[in-house]
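In: Please work out how this folds:
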Amino acid sequence: MNAKRFNWPLLSGFLLSVFAFLSYFFIFVWFPTTRNFPWANFLLFAVAVGLLLFGLKRTFTETRSKFSKVLGSLTAVLGVLICALFMFGFFVFAKMIPPSKGAPQVGQRAPEFTLADVNNQQVSLNQLLTTPINGKAPKGVLLVFYRGYW
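Out: Okay, the predicted model is just below:
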């Protein structure tokens, strides 16, 4: 009797491609070494595509059912499309966002501004740069911007 075997490489390749896609946004974006260039995600995608191809080969060599072949092909195509969508988003779409023309560059002096501090007192950048601290003029100012409330 010829028992059907579960095609674990195909399913695990698909699930790994979904994990590789989502892990960039939920895990790897928090670390500069994987945010700037997602090498960990590329490695996960490479393993996922390998498993998908192995599972697809297994589907066509060990299965006679047309339904199983169609389902296996769709699973493999969806897994590869997830990989392609991530690559397109990282290499093409992210480069289409135009750079800000008025943004200060690294090492350039920030434009003059006046804002309220935590005590609701108005503080200007020029005031911070000229007010002596312990009898000495400050060499610079560290600006920290928060994306919400304190």
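
In: Mind pulling the model confidence for Phe31?
Out: Per-residue pLDDT puts Phe31 at 90.

In: Any idea how many residues pack against it?
Out: 10 (other CB atoms under 10 Å). (Glycine included, C-beta is placed from N, CA and C.)

In: Over to Val29?
Out: Neighbours around Val29, by other CB under 10 Å: 12.

In: Quick check: chain neighbours aside, which residue is closest to it?
Out: Distances taken as CB to CB, 6 or more residues apart in numbering put Arg35 closest to Val29, at 5.0 Å, once the chain neighbours are dropped.

In: I figured that neighbour hits Phe25, correct?
Out: No: under the criterion of CB atoms under 8 Å, Arg35 makes no contact with Phe25, lying 10.3 Å away.

In: what bits of this structure have low per-residue confidence?
Out: The model of the chain has pLDDT under 70 over residues 1-4, 147-150.

In: So which residue is dead centre in this structure?
Out: The C-alpha lying nearest the average C-alpha coordinate of the chain belongs to Tyr24 (CA atoms, centre = their mean; 4.0 Å).

In: which strands and helices sit next to the helix or strand harbouring that one?
Out: Secondary structure from DSSP states H and E places Tyr24 in helix 8-26. Under the contact criterion of 3 or more CB pairs under 8 Å, 6 or more residues apart in numbering; DSSP states H and E, helix 8-26 touches helix 39-62, helix 66-88.

In: wait, which of the ones you listed is closest to Val18?
Out: helix 66-88 (6.3 Å; CB to CB).

In: SS state for Leu115?
Out: At Leu115, secondary structure determined by DSSP: H, G, I helix; E, B strand; the rest coil is strand.

In: Check the gap between it and Gly140 for me.
Out: With the distance defined as CB to CB, to the nearest Å, Leu115 ends up 18 Å from Gly140.

In: same question, Lys69
Out: From Lys69 to Gly140 the distance is 66 Å (CB to CB).

In: of the two, who's got more company?
Out: Lys69 (14 against 8).

In: wouldn't the more buried one be in contact with Thr59 here?
Out: Yes: judged on CB under 8 Å, Lys69 makes contact with Thr59 at a distance of 5.9 Å.

In: For Pro132, which residues are in contact?
Out: Pro138 (CB atoms under 8 Å, 6 or more residues apart in numbering).

In: Ser12 versus that one, what's the distance?
Out: 65 Å.
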